[in-house]
Structures are given as structure tokens and as C-alpha cells.
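sequence? don't have it. structure:
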């Protein structure tokens, strides 16, 4: 007999009616899991019209208004602090979870040392993938891999340590999975088969957006080594990535691989700049977390 999965609440933040169609898909995917969640909670980030539209048009879910200042952290925390289950799952309003997503992510929680599980997040492009974007930096378009740590969109966490660290923090600083690990000495498990598909907005497929994302990641205290994909989670992978793309350029598809080699260098440089800036400013602005909703 198959062991029963623990109960889980799915939290989906929403902020703009422009994402209505993707929000509807996200909610439908959460409600269509092979392991049904105890509750699907949509939290609206200070948008009364959207709040009333969701309550009117989407059945079978709980709809809340954010209890905090505008922003993704407060919106997610509102839903997470509302949850009554021991596990909490997160999707975004521009993601769609495969039917087995929760089933895969809940399985490791039979081990009490597991405090969180991360999903594989696959970008879905508005057209074709940018030629210059290297495989090592697909995360900048919303993808997730083992080396990148757990992305909020698609992950499942234990409620108690989440609350103990104050939930998602504001601004830059140690990400949630780092703070939960430091608190509990627990571990995270990456499940690539737990697929979530991220709808990539056209505005984020530009080279400028890529550099801004790398810079932001550099400021979030993520080690430079974790900028690279599985099998490349150390700095030695940088010359390997350059060599691979330059060698491919000599064999054919020259423009594509030269562009990708240049993007590897540019992305790491942008992240490095962010790391330097954060190391200076962090002393002046300590990391803050949001208190649980009352």
C-alpha cells in the first residue's frame, strides 16, 4: 500500500490583471495535482479590483489580500502564515505545474531531516530562446537547477522552520533556504522530475534584463560558484563553458556560440559587481524579515 503523502497548502501570489490568463492556468494546475492539496490560496498584492475578480470568477480556492507592504515577500508570507498544514508549496501566477509536481516534491518529507524540496523550472519562451543565452544561465530566465538552490516558484517547505525564520525576507540578504538550513541543520532536495513551467515575458529576454538579473543575484549573497548549472557548480566550470562554446563556434553555428561565450563572461562580471556592492552595503543595511501575520 502506498504511503499517504502529508497534507500541503499551495500558495500563489498575484499582483496584476495583466497576468489573469496565466493566473487561471496556475490555479488550475494546482487543483489538478495527482496528490490533491488541502487548500489552494491566492494572495493578492494590494489590488482590490483583482481581489474581487478572483473571488468572483475562480471557485474552490481561498483568496486573501496581502497583510504587508507591497512586494512578493509579503504576498507569499501572507499565504504561508495562513496555512494550517505542516507543509507549504509555492507557485507563481506565471507558472504551470505538471500534474505530478506535488507528488514528487512531497515524497522526500518522509525523512525528518528534509526541510524543503525544489522543483525543476523550465522556461517557456514567448518566441524562440535568445541565441546568446548560455545553458549555464537559463536560471536568469526563470529556470531552476540543482546548483541554483530552491526557487520559491515550485518549492515545498516545512511550515515550522519557515515561521521560525520569519518567512521570506525583504531586499537582499541570505535567501530563505539558507536561513532555514542554518536554523535547523536540515537539508534541501532538488527533484528535477517535479516540473514547473515558467512563462517568460518578452521584456525579460533582452540582454540588458539578463545583466540586471545577474547583478541582482550577485547581491543576494549567492556564492559565485552557484551561478553555474548541475555538473558545473564550481568556478572551474567557467573556463569549461567558454571552451565548449568557442570550440562549437569553430565547428559551426559560429555566431551563436561566440555570443554565448561572451554572455558567460558578461553574466559572471555583472554578478561579481553585485557581490562587491552587497558586501559594502550589507554592513549598513542588515537583512530584515517580515513578522508573521496576526
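In hand now; what should we look at? All of these numbers come straight from a predicted model, not from anything done at the bench.

tell me the average confidence for stretch 254-262?
On average, the pLDDT along stretch 254-262 is 78.

against residue 185, how distant is residue 197?
Distance, residue 197 to residue 185, using Cβ to Cβ, to the nearest Å: 33 Å. Just so you know, the C-beta spots here come from the backbone N, C-alpha and C atoms, and that holds for glycine as well.

now residue 12
When residue 12 is compared with residue 185 (using Cβ to Cβ), they lie 30 Å apart.

neighbour count winner among these two?
Using other Cβ atoms under 10 Å as the criterion, residue 12 and residue 185 rank with residue 12 on top: 25 against 8.

for the helix or strand where that one lies, packing partners?
Using DSSP states H and E, residue 12 sits in strand 8-14. Under the contact criterion of 3 or more Cβ pairs under 8 Å, 6 or more residues apart in numbering; DSSP states H and E, strand 8-14 touches helix 20-31, strand 39-44, helix 72-82, strand 87-90, helix 101-106.

residues contacting that strand, please?
23, 26-27, 30, 35, 37-45, 47, 50, 54, 66, 72, 75-76, 79-80, 82-85, 87-93, 102, 106, 156 (Cβ atoms under 8 Å, 6 or more residues apart in numbering).

7 Å instead?
23, 26-27, 30, 37-45, 50, 54, 72, 75-76, 79-80, 83, 85, 87-93, 102, 106, 156 (Cβ atoms under 7 Å, 6 or more residues apart in numbering).

quick one: buried ones out of the residues you listed?
In the contacts of strand 8-14, burial by neighbour count holds for 23, 26-27, 30, 37, 39-45, 50, 54, 72, 75-76, 79-80, 83, 87-93, 102, 106, 156, counting by 16 or more other Cβ atoms under 10 Å.

just the helices in the stretch 101-250 of the chain please.
101-106, 159-164, 176-184, 207-219, 237-251 (DSSP state H, counting those that start in this stretch).

look up how far residue 278 lies from the residue nearest to residue 275 when sequence neighbours are not counted.
Take residue 275 and drop its neighbours on the chain: the residue closest to it by Cβ to Cβ, 6 or more residues apart in numbering is residue 218, 4.3 Å away. Distance, residue 218 to residue 278, using Cβ to Cβ: 7 Å.

between the two, which is the more surrounded one?
residue 218 (25 against 20).

hang on, that one packs against residue 274?
Yes: the criterion here is Cβ atoms under 7 Å, and residue 218 meets it with residue 274 at 2.5 Å.

please name the residues that touch residue 38.
7-9, 85.

again, 6 Å this time
Contacts for residue 38 were tallied using Cβ atoms under 6 Å, 6 or more residues apart in numbering; they are 7, 9, 85.

what do you get for residue 211?
residue 270.

what separates it from residue 218, distance-wise?
From residue 211 to residue 218 the distance is 11 Å (Cβ to Cβ).

alright, that wraps it up for me.
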